[in-house]
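In: Here is my input, please return the structure:
(2 chains)
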2 protein chains.
Amino acid sequence: MDPVIERINTSFKRVKAIRYTQSLMGWDLETYMPPMGAEARGAVAAELSAMEQEAILSLGSLLDRAVERKDLTDVERGIVRVVGRELKFYRAIPQEVLKELSAVTSKASVVWREARKEADFSKFRPYLERIVDLEKTIAEKLGYSKHPYDALLDIYEEGLTVKDVDRIYSELLPASKQVLDKVRAEEKFPASHPLEEVKYEEGSMREVNEHLINLLGMPKEKFRIDVSAHPFTVGLSTGDVRITTRYEGRDFRSTMFSVIHECGHAIYELQLNSELEFTPVGGAASYSIHESQSRFWENVVGRSQEFTSLIYPYLRSKLQFLSGYDREEIYKYFNLVRPSLIRVDADEITYNFHTAIRYEIEKKLIAGDMDAQEIPAAWEELTEKYLGLRPRNDAEGALQDVHWSGGSFGYFPTYTLGNVIAATLGYKVPHLYERVMEGNFGPLKEFLKEKIHRWGSIYSPKELLRKALGVEYEPEYLVRYLQEKYL
Amino acid sequence: MDPVIERINTSFKRVKAIRYTQSLMGWDLETYMPPMGAEARGAVAAELSAMEQEAILSLGSLLDRAVERKDLTDVERGIVRVVGRELKFYRAIPQEVLKELSAVTSKASVVWREARKEADFSKFRPYLERIVDLEKTIAEKLGYSKHPYDALLDIYEEGLTVKDVDRIYSELLPASKQVLDKVRAEEKFPASHPLEEVKYEEGSMREVNEHLINLLGMPKEKFRIDVSAHPFTVGLSTGDVRITTRYEGRDFRSTMFSVIHECGHAIYELQLNSELEFTPVGGAASYSIHESQSRFWENVVGRSQEFTSLIYPYLRSKLQFLSGYDREEIYKYFNLVRPSLIRVDADEITYNFHTAIRYEIEKKLIAGDMDAQEIPAAWEELTEKYLGLRPRNDAEGALQDVHWSGGSFGYFPTYTLGNVIAATLGYKVPHLYERVMEGNFGPLKEFLKEKIHRWGSIYSPKELLRKALGVEYEPEYLVRYLQEKYL
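Out: This next block holds a predicted model:
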């Protein structure tokens, strides 16, 4: 290996070690931490962030030498690219901006929670205004060629631009609308189902989830599941990946598909090349690539006819209340189609309208074409336009998501990109539904590992998709998937 | 506050943050970590240790200025003293020595586990020899005035010397022997009890432990209990303290007293002054002071007649198999007296003989008066002398404890010091047994907080004991306690 890159790798271990502890603290916070532990935890997290930033900035002179190197391998080039991105961020953004953002967002998160409870956007607005100002500053400091929002998109999805996102939505949304209108007119998929109201016993549901985990072949010695308020996955290492789910007590789809979704994330983390693990490229390629893995397993696999057939006998044996429902009914229950106000409850067809609402608003906020106070009205209008619904209050509207309170601008499009890539995978994975029908997930995981997982972030997401699947972000796959499934 | 001390405190936050994450990783490792997570965990831990050491060494120039300061408060002097001790260690011991110790002990821990399984000391011996050599080097580098072992004792118990320990054992052991002989001759306390063999159902035992935790008033929002192979306590912050226990399925004393023991440690951690929390003096005064808290609650409180009376009705109602046993029987079962080969199973009277065996051997090893190969014979001889027993093999002898494989030399006496201080507390806490009888533990905890806990490590352990209790390490309290209880 190139000696300069070698030194970068050695130094970068510190960054990885810090991130590892941050991930463990995050997991612990959501699962087992006693509530009064929060204050000290926050202080420790702040110290670690400062250390992380220092450790990255200390790589500056090495990186400056590395970019001059010739004849680098793909891995080495990947390392230069990834470290370059990290350094660019901390070199571009002044300390005070990051500190203020951190201070504002920690207050804003608390205020947002209260404001949502009271369905009162005006309470959250002053914080959001400050956050938007800081995000604008960040965009300016990072720089962009066409639209300031490009700078923020790039943080979450390397190389993604407003042009890309506009293109995707401009194809995806009208086609989705057609599918939606037809499904609703013909009532091929119901908008509600009695099983949504049926209560389950948590013990049995835990067994169902264990069964799913076994079925997907999650390795016991490297994987665990716990309970948290919101499901998530944390990959501490390729030998230690953890997911969570929650048990709401009724509508058993919810916990079940959250487990399949998080298993999708977990498979990615588990199948990263462990030799890259402590290097700069030993992480996921991007947020949308990560989301594509969870959506592939949750939707393309999990909500398919074949998967329903596969697990139906087990579900029927385990959940007494299913005795009156046949396989086809369960399939419909898994695939209800109902425009709704809450993104996280959305079905496959309407989901991307939700991200589009946020995207449209964020783009305007960052460009200075909209003020925070105009958000509720814009939200109503866009929801009406896309979903034919009107939020009754801000809790059902602009206050529903946590992202803005934490300063995440540019994130929402990665959800839709994830759906696009997941659908693409549905057409690229060989013999997909035959294997699903057999419950033979090994070859699917092997394909994903070979094409995507093992490469870590050696390649940018666009490069990786081109190499792996011969595509980039191509909404037509998702359109085709929705049409084939729902029409 | 003195401006130099203020700057030390600010910088020391980083050390504390690193230690916090190390503690959390330690807790996670023993409770929830998937087994294959160990390798990456080890790599992260090594990075963090290096960072911790760097962070301490970076305090050098500030500390050099701080020792010149006049008119410092007690807290400020404590900070200078504690940081001085930390710096002394890293300044004195060459990097290579610490690295080699770390490398040898990580291998030695694995080898020790195998050697113990096979009861074969010779397998472990070469590693132990290397560890002893490194410990000798550390003692030389740290320096001492009388005995090289003093340097190692001081690591765990500031200011403790061979002279102190010899004095303690020379009083404690003959007196304990007298008590032991009399108890055995008169059969006042039995050497075994049928309840040792009685199995319990884990669910009920968990409820018993929950009951004990409530009885001791452990705060739910700052405290949790989990299960691990070996019980331990970890204090992440004054708002987040966690204990573990284990369920062996029979002999219910074991899990019950481990919970009370760990609660004793936890109360100390919870009652540290939270304002000192992120400063150098925001930790326990010493290992023996910490152990005194657990031993106080486990033995002086937990194994008393009064505590037995207090919990007997509950135990009787919860554990069906107790129906044939009256309060007095349970008390005897809690206080069996039986010289045994395994330290961790030892009763209150014989426990200190076990630490003395290890102390005698360690002292000679470090002074160069004994070679590692002579250990098994010395062990047999000392066990015969102190306990009238002979180990049948090395697993029952020199291989039973983990400490040497991890490089802990100088630690064992702190267990006995802990017992000595716990017994002393038994005579110093006002109205102790009246309060225990009432189940009114608030005043006891308040006394311990006032006298010991809240001070953190502002004072050295000897100073703290003088200030708090007007004593130092005075074995006569433990002698008196054993005589009064057992004769």
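
In: the strands in chain A, which residues?
Out: Ranges of strands in chain A, per DSSP state E, are A:223-227, A:233-237, A:240-245.

In: A:Lys188 is in contact with A:Tyr486, correct?
Out: Yes - with contact defined as Cβ atoms under 8 Å, A:Tyr486 counts as touching A:Lys188 (6.8 Å). Where C-beta positions appear, they are placed from N, C-alpha and C, glycine not excepted.

In: more neighbours, those two?
Out: A:Tyr486 (19 against 13; other Cβ atoms under 10 Å in any protein chain shown).

In: So in chain A, which helix runs the longest?
Out: Criterion DSSP state H: the longest helix present in chain A is helix A:3-31.

In: got the contact list for stretch A:247-265?
Out: The contact list for stretch A:247-265, computed with Cβ atoms under 8 Å, 6 or more residues apart in numbering or on different chains, reads A:195-200, A:202, A:205-206, A:208-209, A:212-213, A:216, A:218, A:225, A:227, A:231-233, A:235, A:243-246, A:290, A:293-298, A:301-303, A:319, A:333-334.

In: what about 7 Å?
Out: Stretch A:247-265 has contacts (Cβ atoms under 7 Å, 6 or more residues apart in numbering or on different chains) with A:196-200, A:202, A:205, A:208-209, A:212-213, A:216, A:218, A:227, A:231-233, A:243, A:245-246, A:290, A:293-294, A:296-298, A:302, A:319, A:333-334.

In: how distant is it from the center of its chain?
Out: 15 Å (Cα atoms, centre = their mean, to the nearest Å).

In: With just CA atoms, put it into PDB.
Out: Taking Å, rounded to 0.1, in the frame of the first residue of the first chain, the C-alpha atoms of stretch A:247-265 are listed here in PDB:
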ATOM      1  CA  TYR A 247     -44.100  -3.500  20.200                       C
ATOM      2  CA  GLU A 248     -47.200  -1.300  19.900                       C
ATOM      3  CA  GLY A 249     -49.600  -4.100  20.900                       C
ATOM      4  CA  ARG A 250     -51.700  -4.100  17.700                       C
ATOM      5  CA  ASP A 251     -51.400  -4.100  13.900                       C
ATOM      6  CA  PHE A 252     -48.700  -6.700  13.900                       C
ATOM      7  CA  ARG A 253     -47.400  -5.700  10.500                       C
ATOM      8  CA  SER A 254     -45.700  -2.800  12.100                       C
ATOM      9  CA  THR A 255     -43.200  -4.600  14.300                       C
ATOM     10  CA  MET A 256     -42.700  -7.400  11.800                       C
ATOM     11  CA  PHE A 257     -41.800  -5.100   8.900                       C
ATOM     12  CA  SER A 258     -39.600  -2.900  11.100                       C
ATOM     13  CA  VAL A 259     -37.600  -6.000  11.900                       C
ATOM     14  CA  ILE A 260     -37.200  -7.000   8.200                       C
ATOM     15  CA  HIS A 261     -36.300  -3.400   7.400                       C
ATOM     16  CA  GLU A 262     -33.600  -3.200  10.100                       C
ATOM     17  CA  CYS A 263     -32.300  -6.700   9.100                       C
ATOM     18  CA  GLY A 264     -31.800  -5.200   5.700                       C
ATOM     19  CA  HIS A 265     -29.600  -2.500   7.200                       C
END
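
In: Okay, buried residues for that stretch please.
Out: Using 16 or more other Cβ atoms under 10 Å in any protein chain shown as the test for burial, stretch A:247-265 gives A:247, A:251-265.

In: farthest-separated two in those residues?
Out: A:Asp251 and A:His265 (22.1 Å; Cβ to Cβ).

In: Which members of the contacts of stretch A:247-265 are classed as buried?
Out: The neighbour count (16+ other Cβ under 10 Å) marks A:200, A:205, A:208-209, A:212-213, A:216, A:218, A:231-233, A:243, A:245, A:290, A:293-294, A:296-298, A:302, A:319, A:333-334 as buried among those.

In: which residues touch A:Ala66?
Out: With contact taken as Cβ under 7 Å, 6+ apart, A:Ala66 is in contact with A:Val4, A:Ile5, A:Ile8, A:Val80.

In: any idea how far chain B is from it?
Out: Note on A:Ala66: its distance to chain B, by Cβ to the nearest Cβ, to the nearest Å, is 21 Å.

In: and if you look at A:Glu474?
Out: 36 Å.

In: Look at that residue and say how many residues are nearby.
Out: Counted with other Cβ under 10 Å, A:Glu474 comes out at 19.

In: how about it, what does it touch?
Out: By Cβ under 7 Å, 6+ apart, the neighbours of A:Glu474 are A:Val420, A:Thr424.

In: Just the pLDDT at the residue most central in space within chain A, thanks.
Out: In chain A, the centroid-proximal residue (Cα atoms, centre = their mean) is A:Glu291; its distance is 4.3 Å. Per-residue pLDDT puts A:Glu291 at 98.

In: show me the contacts for the residue nearest to A:Phe296 when sequence neighbours are not counted.
Out: Spatial nearest neighbour of A:Phe296, chain neighbours left out: A:Ala422 (4.1 Å); criterion: Cβ to Cβ, 6 or more residues apart in numbering or on different chains. Applying Cβ under 7 Å, 6+ apart to A:Ala422 gives the contacts A:Ser292, A:Arg295, A:Phe296, A:Asn299, A:Val300.

In: A:Ile79: what's it in contact with?
Out: A:Ile5, A:Ile8, A:Asn9, A:Thr279, A:Pro280, A:Val281.

In: what pLDDT does it get?
Out: pLDDT, read off for A:Ile79, is 98.

In: circling back to that earlier point, do the longest helix of chain A and chain B meet at all?
Out: Yes - residues of helix A:3-31 contacting chain B under Cβ under 7 Å from any Cβ of the partner chain: A:Lys13, A:Arg14, A:Ala17, A:Tyr20, A:Thr21, A:Leu24, A:Met25, A:Asp28.

In: ok so, going back, what's the distance between the residue nearest to the centre of chain A and chain B?
Out: From A:Glu291 over to chain B the distance is 24 Å, taken as Cβ to the nearest Cβ.

In: Setting aside sequence neighbours, what's the nearest residue to that residue?
Out: Spatial nearest neighbour of A:Glu291, excluding adjacent residues (Cβ to Cβ, 6+ apart): A:Gly418 at 2.7 Å.

In: ok, the one you found to A:Ser294 distance?
Out: Distance of A:Gly418 to A:Ser294, given as Cβ to Cβ, to the nearest Å: 7 Å.

In: Pull out the buried residues from stretch A:90-103.
Out: A:Tyr90, A:Ile93, A:Val97, A:Leu98, A:Glu100, A:Leu101.

In: Cool, thanks, signing off.
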